[in-house]
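Peer 1: next input, structure requested:
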Amino acid sequence: MSRPFILGLTGSIGMGKSAVALMLRELGVPVFDADATVHRLQGPGGSLLPAIEAAFPGTTGAGGVDRPALGAHVFGDAEALARLEAIVHPAVAEERATFMLEHAGQPIVVFDIPLLYEKGHGAGLDAVVVVSAPAKMQRDRVLARPGMTPERFTQILALQVPDADKRARADHLIDTGVTLSETRAQVSALVASIRQKNPR
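Peer 2: Numbering: from 1, shown residues only. Predicted coordinates:
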């Protein structure tokens, strides 16, 4: 393979995806975080602010995008959401292309995509790893978050592809319902296996 092996990383809310992404970084694997990229592009001084302000007046300021204000514009409005995505998606794709150029010599790179199955973002990936844990553990983790309620958690779950479906579609599975060291061992084994097949 003349380019890095591209591994998609996904998992439902509270499954431990962020912890696994950190473990991958600790192993020297470059991780492209789509959400973090969007936050940066829409944050203070972000390059997308002029276009977003032009399309949705009054939704940006010195602190970047006013998320509640922008959300009020696009929530439940498919046409408005499509306009916003037409601004954001090309910019993220450009950042991802730059990331790939910067890490072209690596045996493996990871695309951290929370809504990989929900939004159909699997194109171009060589394999997908799903992070999963038992439902009770997921619920306990999420409800421990500040401002989270059982009702909100139920709403979020309703918008996500069920964990069982994600597990069934995954090429690899990382179980975070075990100790951190056991999860880390699974991540290390997966990375070692891919590096072995794709030495650089």
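Peer 1: rest of the way, CA atoms for contacts and neighbours
Peer 2: Fine.
Peer 1: which one is residue 81 nearest to, not counting chain neighbours?
Peer 2: Leaving out its chain neighbours, the residue that sits closest to residue 81 by Cα to Cα, 6 or more residues apart in numbering is residue 74, at 5.0 Å.
Peer 1: pretty sure the one you found sits against residue 68.
Peer 2: No: shown here, residue 74 and residue 68 do not form a contact pair, counting by Cα atoms under 8 Å, at 10.1 Å.
Peer 1: hey, C-alpha coordinates of stretch 71-78 in CSV?
Peer 2: Extracted in CSV, the C-alpha atoms of stretch 71-78 (Å, rounded to 0.1, in the frame of the first residue of the first chain):
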residue,chain,number,x,y,z
GLY,A,71,-28.5,25.7,16.4
ALA,A,72,-31.7,27.8,16.5
HIS,A,73,-31.2,28.6,12.8
VAL,A,74,-30.7,25.1,11.6
PHE,A,75,-32.6,22.8,14.0
GLY,A,76,-35.4,21.2,12.2
ASP,A,77,-34.7,23.1,9.0
ALA,A,78,-33.1,20.7,6.4
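Peer 1: so what touches that stretch?
Peer 2: 56, 80, 81, 84 (Cα atoms under 8 Å, 6 or more residues apart in numbering).
Peer 1: cool, stretch 160-168 as well?
Peer 2: The contact list for stretch 160-168, computed with Cα under 8 Å, 6+ apart, reads 11, 12, 115, 117, 118, 130, 132, 173.
Peer 1: weed out the non-buried ones from these.
Peer 2: Among the contacts of stretch 160-168, those classed as buried by 16 or more other Cα atoms under 10 Å are 11, 12, 115, 117, 130, 132, 173.
Peer 1: max pairwise distance over those: which two?
Peer 2: Distance extremes for the buried ones among the contacts of stretch 160-168: the farthest pair is 115 and 173 at 16.3 Å, using Cα to Cα.
Peer 1: gap between the residue nearest the centre of the chain and residue 199?
Peer 2: The centroid of the chain falls nearest to residue 113 when counting by Cα atoms, centre = their mean (2.8 Å). Relative to residue 199, residue 113 is positioned 25 Å away (Cα to Cα, to the nearest Å).
Peer 1: which helix is the longest one in this structure?
Peer 2: helix 78-102 (DSSP state H).
Peer 1: so what touches the helix or strand containing residue 158?
Peer 2: Secondary structure assignment for residue 158, by DSSP states H and E: helix 150-159. Counting by Cα under 8 Å, 6+ apart, helix 150-159 makes contact with 12, 13, 139, 142, 143, all of which sit outside it.
Peer 1: which strands or helices does the strand or helix carrying residue 22 pack on?
Peer 2: Under the criterion of DSSP H and E, residue 22 resides in helix 17-26. With contacts defined as 3 or more Cα pairs under 8 Å, 6 or more residues apart in numbering; DSSP states H and E, the packing partners of helix 17-26 are strand 5-10, strand 31-33, helix 180-197.
Peer 1: and residue 130, what are its phi and psi?
Peer 2: For residue 130, the backbone dihedrals (degrees, to the nearest 10) come out as phi -110, psi 130.
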